[in-house]
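In: quick one, fold the following:
(2 chains)
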Number of protein chains: 2
Amino acid sequence: MFKLISSEPITSVPGFQAGAVQAGIKTKNKLDLAILYSKVPCAVAGVFTTNRIKAAPVVLSQKHLSSGRAQAIVVNSGCANACVGEQGLADALEMARLTAAKLDIAVGDVLVASTGVIGIPLPMDRVREGIKQIELDPGGGHYLVEAMMTTDTRPKEVAARLDVDGVKLTIAGVAKGAGMIHPDLATMLSFVATDALVGVDFLQSALNKAVDASFNMVSIDGETSPSDSVFLLANGLAGNVPIGFDNGEAFQQALTGVCTYLAKCIAGDGEGATKLIEVRIEGARNESEARQAARTIASSPLVKAAIHGSDPNWGRIVSALGRSGTELTENKLDVHLNDICAMKEGHPTSSSNEKLRMSLSSSDKVLIKVCLNLGAGQATAWGCDLSEEYVTINSEYTT
Amino acid sequence: MFKLISSEPITSVPGFQAGAVQAGIKTKNKLDLAILYSKVPCAVAGVFTTNRIKAAPVVLSQKHLSSGRAQAIVVNSGCANACVGEQGLADALEMARLTAAKLDIAVGDVLVASTGVIGIPLPMDRVREGIKQIELDPGGGHYLVEAMMTTDTRPKEVAARLDVDGVKLTIAGVAKGAGMIHPDLATMLSFVATDALVGVDFLQSALNKAVDASFNMVSIDGETSPSDSVFLLANGLAGNVPIGFDNGEAFQQALTGVCTYLAKCIAGDGEGATKLIEVRIEGARNESEARQAARTIASSPLVKAAIHGSDPNWGRIVSALGRSGTELTENKLDVHLNDICAMKEGHPTSSSNEKLRMSLSSSDKVLIKVCLNLGAGQATAWGCDLSEEYVTINSEYTT
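Out: Numbering: from 1, shown residues only, chains lettered A, B, ... in the order given. Sure thing, here's the model as predicted:
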């Protein structure tokens, strides 16, 4: 129904432009401040962190989103603008104001996102100068995604093309992830743009569903940051029949496809990660328990460390499942590692550890499949292995 | 009210004996099978894992405990006897039977505990031979604690002496911990013995309280194992007036003291740990939220990695607090690191990062104190830093 194109910039969506600069917020000479802009106002939806500590840009963007309309996003990396008191809100608002003035749009139509170190104020002189210097370009999407990166090792961007009633639509997204990623979002930012004309209520509902199946099923380390935000902007320039709850299925699928692609990019690029882990739960009593089980296994440090060492220690998978709160019957459990059955009906199989180890060590994507054989609930979560490098990165982050 | 004596063996409690052998369950030449025995039957209490996957010895011991009476514990390391189907229960029962026959006591008076790799069956020929060869000795406590160790780097044992109505009582405990430790217990075993005469209902209540304040407040990596067990045996040989709910306060305090001492030993000896982290929460709305906050911070990988690198990245502490589910008001938060104030009423203080870093790097015990200033709820949790060594240990564990 839709076609995914890797590494397509978000500005491949008609009507969107982007630009970025090295404002000097990061100490290194890297892009760290960017704007995404639609030449016409967009219907907008957003999903935010569940952390009770909310970074100032989250507080501001939630307010601006409430109108259902937005036209630009200003984003920086290097400083999260979180836990700095009232100054944080003033700075976030100033970022929105400067961007609005530059683009000649309303302040309330600007969303703000910041990612980076918590507890230090934004260097506003650099931000002011930077916003001034940003040059928007219809091909600027790649710069935008670069400017969002913190410990990400690669940019994450993708586009989906679909055809709705003969009208070609594009949905494209960018994301940054790396550390501190966990269900219910974490220092994760994702912006998705589309030229589809979409009703704002359906847009929010579609984004919620897509995020639940994608970003909320990614875990790097169980953390959830005060800055997580996903924005979806629909500028309607495709001229399609308005998409809503009645006719939104194809749009929903493509949107979920874009978000899932980005979520897997985030999982595979977790700090220090060498392997993407996909955890598939089947046969749970219901979807909610399947999700809980998948997320618990994907975020288990012991499972992640075992996968890092290609150690077929499947007992740790079962142990993580057991503490997930998911209903289970031990002698109904089947566990597969990369399609090799390690446990059948609660009993170890005769699969040799050597065979399992060979399979794990030869794959950079490991599939853990657990069937509970209790019901129809299923879910998939993504994570990554836990390496010494993760610790090294995170014991030196602010230094 | 009581006096703690480090490194005192559990057999310093009158009437208890212990012995251990190298049965060959572990591949290395180390003690791996032991018995703790009281020359008279004991009142007994127990606390077990909350993991829905329960190792066979847990299932069996829960059953044997229901009588309120026990006289011996048989314990092995190297194999958890978990996730091996019906064979596991048969093997655990055989361990109890062999021990009972050796000691000439009832099978139902033997508790069983196993720790080690999940998913492989016990080598019962070695267990049978080992139980035969164990020699009990009134000074055998040190051997018992050695035989329980897996990746522990040091034995954990302590005794408390107290005086109740002129009668001298001893409470002594041993524990093993290291990896997979988290609130609600994890591959953690602890045996506590006392010569006090204690009513069995109070004994269970006192153990629950002690475990809640100690072992359940320790987190190494957020994992909870299928094998966790704490046993408390009271043989009554001290001849004191029976201790119950009316007169149990001094006993409760000493028992909590013993468990807290062992819990801190476990935290400080987490796999790869170089620093003990103590998280103190004050001013929460209630104790339950304080506990939740303390445990979430103590188990945050990002906080743990920062402490490992002596990185005063206190924003991660606030972020972990924010996702803990504890009610908070950002501009009421005070955060101290080793008694240096890093955040006051939600604002960063002027404490230099350099001062914080110096303090962190010069201490092998780091105190994180968070005051929410909302109510009277308080709690303390213990954890350890996250080091590259943790990952190395856990990516090689079964290999």
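
In: tell me the secondary structure at the closest residue to residue A:332 other than its chain neighbours.
Out: Spatial nearest neighbour of residue A:332, chain neighbours left out: residue A:373 (4.2 Å); criterion: Cβ to Cβ, 6 or more residues apart in numbering or on different chains. For every residue, glycine as well, the C-beta is placed using N, CA and C. Three-state assignment for residue A:373 (DSSP: H, G, I helix; E, B strand; the rest coil): coil.

In: neighbours of residue A:373, just the number please.
Out: Residue A:373: 15 surrounding residues under other Cβ atoms under 10 Å in any protein chain shown.

In: same deal with residue A:105?
Out: Neighbour count of residue A:105, defined by other Cβ under 10 Å: 17.

In: could you do the one 4 residues further on as well?
Out: Residue A:109 is flanked by 20 other residues according to other Cβ under 10 Å.

In: so for the strand or helix carrying residue A:57, what's the average pLDDT?
Out: Element membership of residue A:57, judged by DSSP states H and E, is helix A:56-65. For helix A:56-65, mean pLDDT rounds to 96.

In: related to what we said a few turns ago, list the contacts for the residue nearest to residue A:332?
Out: For residue A:373, the contact set (Cβ atoms under 8 Å, 6 or more residues apart in numbering or on different chains) comprises A:283, A:329, A:332-334.

In: if we use 10 Å, what do you get?
Out: A:282-284, A:328-329, A:331-334, A:345 (Cβ atoms under 10 Å, 6 or more residues apart in numbering or on different chains).

In: now for the helix holding residue A:57, which elements pack on it?
Out: strand A:33-48, strand A:69-79, helix A:86-103, strand A:110-117, strand A:229-234 (3 or more Cβ pairs under 10 Å, 6 or more residues apart in numbering or on different chains; DSSP states H and E).

In: can you give me the angle it makes with strand A:110-117?
Out: Taking axes from the mean of the first three to the mean of the last three Cα atoms, to 10 degrees, one finds that helix A:56-65 is oriented at 160 degrees with respect to strand A:110-117.

In: looking at the helices and strands packed on helix A:56-65, spot the one closest to residue B:72.
Out: strand A:110-117 (55.6 Å; Cβ to Cβ).

In: just checking, what packs against the closest one?
Out: Applying 3+ Cβ pairs under 10 Å, 6+ apart, one finds that strand A:110-117 contacts strand A:33-48, helix A:56-65, strand A:69-79, helix A:86-103, strand A:189-194, strand A:229-234, helix B:315-323.

In: what pairs with that strand, parallel or antiparallel?
Out: Sheet neighbours of strand A:110-117, with direction, are listed as strand A:69-79 (parallel) (DSSP bridges).

In: can I get the partner strand as CSV, trimmed to CA atoms?
Out: C-alpha atoms of strand A:69-79 as CSV (Å, rounded to 0.1, in the frame of the first residue of the first chain):
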residue,chain,number,x,y,z
ARG,A,69,-2.0,24.3,13.9
ALA,A,70,1.7,24.9,13.4
GLN,A,71,4.0,26.0,10.6
ALA,A,72,7.6,25.6,11.8
ILE,A,73,9.8,23.7,14.3
VAL,A,74,13.0,25.1,15.7
VAL,A,75,15.3,22.5,17.2
ASN,A,76,18.7,22.4,18.9
SER,A,77,21.0,19.8,20.2
GLY,A,78,23.8,20.1,22.8
CYS,A,79,21.5,21.5,25.6
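
In: that one - what's its average pLDDT?
Out: Here strand A:69-79 scores 96 as its mean pLDDT.

In: next one: stretch A:21-28
Out: On average, stretch A:21-28 scores 90.

In: mind listing what's buried along it?
Out: Counting neighbours by 16 or more other Cβ atoms under 10 Å in any protein chain shown, one finds that the buried residues in stretch A:21-28 are A:21-26.

In: chain B next: which of the residues you listed are close?
Out: Applying Cβ under 10 Å from any Cβ of the partner chain to the buried residues of stretch A:21-28, one finds that nothing falls near chain B.

In: out of those residues, the closest to residue B:12 would be?
Out: Checking the buried residues of stretch A:21-28 against residue B:12 by Cβ to Cβ gives residue A:26 as the nearest, at 59.1 Å.

In: quick one on the thing from earlier: mind checking which of the helices and strands packed on strand A:110-117 is nearest residue B:133?
Out: Residue B:133 lies closest to helix B:315-323 among the helices and strands packed on strand A:110-117, at 48.5 Å (Cβ to Cβ).

In: so where do the helices sit in the stretch 201-350 of chain A?
Out: Ranges of helices in the stretch 201-350 of chain A, per DSSP state H, counting those that start in this stretch, are A:249-268, A:287-298, A:301-308, A:315-323.

In: could I get those as JSON lines with mean pLDDT, mean neighbour count and distance to residue A:387?
Out: As requested, the helices of the stretch 201-350 of chain A are exported to JSON lines (pLDDT from 0 to 100; neighbours: other Cβ atoms under 10 Å in any protein chain shown; distance: least, Cβ to Cβ, whole Å):
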{"stretch": "helix A:249-268", "mean pLDDT": "94", "mean neighbour count": "23", "distance to residue A:387": "13"}
{"stretch": "helix A:287-298", "mean pLDDT": "93", "mean neighbour count": "23", "distance to residue A:387": "16"}
{"stretch": "helix A:301-308", "mean pLDDT": "87", "mean neighbour count": "28", "distance to residue A:387": "5"}
{"stretch": "helix A:315-323", "mean pLDDT": "89", "mean neighbour count": "28", "distance to residue A:387": "16"}
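
In: hang on, the earlier thing: which among the contacts of residue A:373 end up buried?
Out: A:282-284, A:328, A:333-334.

In: among those, which lie within strands?
Out: Here DSSP state E is the test, and the buried ones among the contacts of residue A:373 give A:282-284, A:334 as lying in strands.
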